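Visitor: dropping a prediction and its sequence here:
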Amino acid sequence: MILTKDRLKLGLILGLLGPLLGLVIVYFIKFPSYKFFEFLDYFIHDNKLITSIGSLSLLANVLLFTLYVNTHRDETAKGIFVVTLAYGIAILVLKILN
């Protein structure tokens, strides 16, 4: 199975997909009455939502990172960590620019 590999590239891909999945889950749980693109617009332009939903979305990467570190697949964990940092910086920049 591909998820059992220990590759940096796999970590980068999982790191990119984790927060997106987290964002979709938050959308379905907290904002089901909005259309998805309305939700994204609201998320991008509201400073309180950027912080709270951005953090919740990154929790998916925390779970993935913990799973891969605990199973000693460190290269994959490195990729997840790098992308998580990039997402975190992007969230901070987005918050500052609003």
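Guide: Alright, I've got the coordinates. What you see is a predicted model, and the numbers here were worked out from it, not measured in a lab.
Visitor: can you tell me the element the residue most central in space within the chain falls in?
Guide: Of all residues in the chain, the one closest to the mean position by Cα atoms, centre = their mean is P19, 1.9 Å from it. Element membership for P19 (DSSP states H and E) is helix 8-30.
Visitor: hey, C-alpha coordinates of that helix in CSV?
Guide: The C-alpha trace of helix 8-30 is given here as CSV (Å, rounded to 0.1, in the frame of the first residue of the first chain):
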residue,chain,number,x,y,z
LEU,A,8,9.5,12.8,1.3
LYS,A,9,7.3,13.2,-1.8
LEU,A,10,4.5,11.2,-0.2
GLY,A,11,4.7,13.5,2.8
LEU,A,12,4.5,16.6,0.7
ILE,A,13,1.4,15.3,-1.1
LEU,A,14,-0.3,14.2,2.2
GLY,A,15,0.7,17.5,3.8
LEU,A,16,-1.1,19.4,1.0
LEU,A,17,-4.2,17.2,1.0
GLY,A,18,-4.7,17.0,4.8
PRO,A,19,-5.7,20.6,5.5
LEU,A,20,-7.9,20.7,2.4
LEU,A,21,-9.7,17.7,3.7
GLY,A,22,-9.9,19.4,7.1
LEU,A,23,-11.3,22.5,5.5
VAL,A,24,-14.0,20.5,3.7
ILE,A,25,-14.9,18.7,7.0
VAL,A,26,-15.2,22.0,8.8
TYR,A,27,-17.4,23.3,5.9
PHE,A,28,-19.8,20.4,6.1
ILE,A,29,-20.0,20.5,9.9
LYS,A,30,-20.2,24.2,10.6
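Visitor: what's the nearest residue to the residue nearest to the centre of the chain if we skip its chain neighbours?
Guide: Nearest residue to P19, sequence neighbours excluded (Cβ to Cβ, 6 or more residues apart in numbering): S57, at 4.2 Å. The way it works is simple: take the backbone N, C-alpha and C, and place the C-beta from them, glycine included.
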